[in-house]
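Peer 1: below are the sequence and a predicted model for it; my questions follow.
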Amino acid sequence: MEKPARVRFAPSPTGHMHLGSARTALYDYLLARKTGGQFVLRIEDTDFKRYVPSAEEELMNGLRWLGLDWDEGPDKGGPYGPYRQSERKEIYLKYAEQLVESGQAYYCFCSPERLSKLREEQQKQKQPPLYDGLCREIPLAEARRRAAAGEKYTIRFKTPKSGVTTVRDALRGEITVENRTIDDYILVKSDGWALYHLAAMVDDYEMKITHVIRGSEWLPSLPLHALIIRAFGWPEPEWVHLSVFLKPSGKGKMSKRESAELIKDGHSIFVKDLEALGYLPEAVVNWVALMGWSYDDHTEIFSLSDLVEKFSLDKLNPSPAAINFTKFDYFNGYYIRSLSVPELAKRVKPFLTAAGYQVDDDRLEKIVPIIQERLNTLDDSVEMAGFFFKDEVVPAGEDLVAKGLTPAESAELAEQALEIIRSLPELTVHQAEQPLRALVERSGKTPQQVFGIIRVAVTGQRVSPPLFESMEIIGKEIVIKRMENAVAVLKKLS
RNA sequence: GCCCCCAUGGUCUAGCGGUUAGGACACAGCCCUUUCAAGGCUAUAACAGGGGUUCGAGUCCCCUUGGGGGCACCA
């Protein structure tokens, strides 16, 4: 058993939580639970310009829906709070000052204008856009004097100008970069707020985080982060950089526009949409877990608790993964099929209700077994089972005409079927099946033709759950009404 | 432009020097069947290319190519 891990999910509340974040949070959760450690939720909200007020709530709802409960966070507190960076300004400042004091950071008085001009210049000359170090050698006493006099300043990290920095990533092994390619990055802005590079390192240290699991977009700044941590002399966490998700084609990552378009096909990369689209959190968890992680060469169905038991960092895969919604649908169908009838009924009900249907629980529990294996998403139930709840169905005339038969022949068959149904003491599968099959025999038509007519008449659809079961649930009276209507329609066509 | 990362079928992946390169989704066919599903069976399909190292390379090294990410007083 590994040592208890303290992991953190540290999103910034700037938009919707997407699948990539969900997967990061999942792995955080799994590692914490597996090792008996803690899962910390920290909100990185120091960018006030991009702040979205509803985002934090959405984030927590998403995590809860997925079943990923956290141990410490802004809503529940904990021993290392506050858990919102916007409430930790003084802490960052203290540590920044410490770095300045030890000569590993410095005050920089360069204006944004000078910096952008500098960058422009460097770009033109095809140079890497790095700070030129103008303020790097200003004596500390002088810098303090200027700062005290009210001059605007930022605090920059003093990167070594020679040598190399080597950092170990759990998925990729050692990564080495030349220090001259690392910028003297700004740690504290002129408004006194720390930037991510300082804030996150400080928080991870103060919160005693043992494993930093985050997206691979952070890989390029990993050496900087290591340098900062080493400048403080802090213990280095285990770095785990997860690969990004690519669009289904595997070519490039999904653009904002493409993400928004997805919803038209009933898909979404935003966690908040998934529930309404009829997806099960179990399916999301299983699917997302397997994008970048595997257990062995054949197991692929994992409940959240299976994952807690089986998860391990060394089975993580560093290569980018294309999002495969088809497989997502497969998982969702799988989990729908594995639900008990009462449970599925409970989950499907809100969708039927939302569609405007009056849903009786006992009746729903009869319907669920015959639609269960036909559902890919919960909201498929609306289309698939709507005819159970509608007052009347209006089958298209051409659908009522059986393949290979004339309208008149179809009408004749419908009429005979109607008579049989009328004559039954009760319309049950048991009572109806024999005589209706006998009708097929007698008429010399195929089951497909005869039952097809009845199906369309009774359900209004060419495709439906099993016919006899459906009729039993609908009830004799209504079935007869619908059959009469179909006969009338067919006769008109004749 | 510079830096970093990645590379097994269409997609997700197993493989950690010796395998008939395994599984899953998708696709196709067959079976089952009153439609649609579900289920069962079968088939098609991969080590990006080139150099090394080694008795032996999908596995180790280098280059090329392709893909991805990053270069803000955003995170």
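Peer 2: Now that the structure is in, tell me what you want to look at. The model shown is predicted, which means the values in this text are computed figures rather than measured ones.
Peer 1: so where does residue A:203 fall, helix or strand?
Peer 2: Using DSSP states H and E, residue A:203 sits in helix A:196-206.
Peer 1: what is that helix packed up against?
Peer 2: helix A:89-101, strand A:186-188, helix A:222-232 (3 or more CB pairs under 8 Å, 6 or more residues apart in numbering; DSSP states H and E). Just so you know, the C-beta spots here come from the backbone N, C-alpha and C atoms, and that holds for glycine as well.
Peer 1: near RNA strand B at all, the first one?
Peer 2: Which is helix A:89-101. No. Under the criterion of CB under 7 Å from any atom of the strand, RNA strand B is not reached by helix A:89-101; the shortest gap measures 10.4 Å.
Peer 1: partners of the following helix or strand past that helix, with directions?
Peer 2: The first helix or strand that comes after helix A:89-101 along the chain, using DSSP H and E, is strand A:105-108. Strand partners for strand A:105-108, identified by DSSP bridges, are recorded as strand A:154-157 (antiparallel).
Peer 1: run a quick neighbour tally on residue A:361.
Peer 2: 10 (other CB atoms under 10 Å).
Peer 1: wait, doesn't it sit right on residue A:342?
Peer 2: No. At 9.1 Å, residue A:361 does not count as touching residue A:342 under the criterion of CB atoms under 8 Å.
Peer 1: can you give me the buried ones in the helix holding residue A:203?
Peer 2: A:196, A:197, A:198, A:199, A:200, A:201, A:202, A:203, A:204, A:205 (16 or more other CB atoms under 10 Å).
Peer 1: just stretch A:223-239 next, same as before
Peer 2: Going by 16+ other CB under 10 Å, stretch A:223-239 has these buried residues: A:223, A:224, A:225, A:226, A:227, A:228, A:229, A:231, A:237, A:238, A:239.
Peer 1: so does it get close to RNA strand B?
Peer 2: No. Using CB under 7 Å from any atom of the strand, stretch A:223-239 never reaches RNA strand B; the gap is at least 8.1 Å.
Peer 1: just stretch A:45-61 next, same as before
Peer 2: Yes. Against RNA strand B, stretch A:45-61 shows contacts by CB under 7 Å from any atom of the strand at A:46, A:47, A:49, A:50.
Peer 1: so what's the backbone phi/psi at the residue of chain A positioned farthest from its centre?
Peer 2: Largest separation from the mean C-alpha position in chain A: residue A:442, at 55.2 Å (CA atoms, centre = their mean). Backbone dihedrals for residue A:442, given as degrees, to the nearest 10, come out at phi -60, psi -40.
Peer 1: that one and residue A:486, how far apart?
Peer 2: 20 Å (CB to CB, to the nearest Å).
Peer 1: so residue A:138 sits right up against residue A:106, yeah?
Peer 2: Yes. In this structure, residue A:138 is within contact of residue A:106 by CB under 8 Å, at 6.8 Å.
Peer 1: so who does the residue lying closest to residue A:268 once chain neighbours are set aside touch?
Peer 2: Of all residues beyond its chain neighbours, the one nearest residue A:268 is residue A:262 (5.4 Å), with distances taken as CB to CB, 6 or more residues apart in numbering. Residues in contact with residue A:262 (CB atoms under 8 Å, 6 or more residues apart in numbering) are A:268, A:269, A:325.
Peer 1: what of residue A:77?
Peer 2: residue A:83 are the contacts of residue A:77 under CB under 8 Å, 6+ apart.
Peer 1: is it bridged to anything, and to what?
Peer 2: Following DSSP bridges, residue A:77 is listed with bridge partners residue A:73.
Peer 1: name the residues that touch the helix holding residue A:203?
Peer 2: Around helix A:196-206, the neighbours that count as contacts under CB under 8 Å, 6+ apart are A:8, A:10, A:42, A:44, A:46, A:80, A:85, A:88, A:91-92, A:95-96, A:157, A:185, A:187-188, A:194, A:209, A:212, A:221, A:224-225, A:228-229, A:232, A:234, A:237.
Peer 1: can you say which of those residues are buried?
Peer 2: A:8, A:10, A:42, A:44, A:46, A:80, A:85, A:88, A:91-92, A:95-96, A:157, A:185, A:187-188, A:194, A:209, A:212, A:221, A:224-225, A:228-229, A:237.
Peer 1: tally up the residues packed near the residue of the stretch 301-450 of chain A found nearest RNA strand B, please.
Peer 2: The minimum distance from the stretch 301-450 of chain A to RNA strand B, using CB to the nearest atom of the strand, falls at residue A:319 (2.9 Å). Counted by other CB under 10 Å, the residues lying close to residue A:319 total 8.
Peer 1: again, but for the one 3 residues further on
Peer 2: A count of nearby residues for residue A:322, using other CB under 10 Å, gives 15.
Peer 1: list the contacts of it.
Peer 2: A:245, A:246, A:247, A:248, A:249, A:250.
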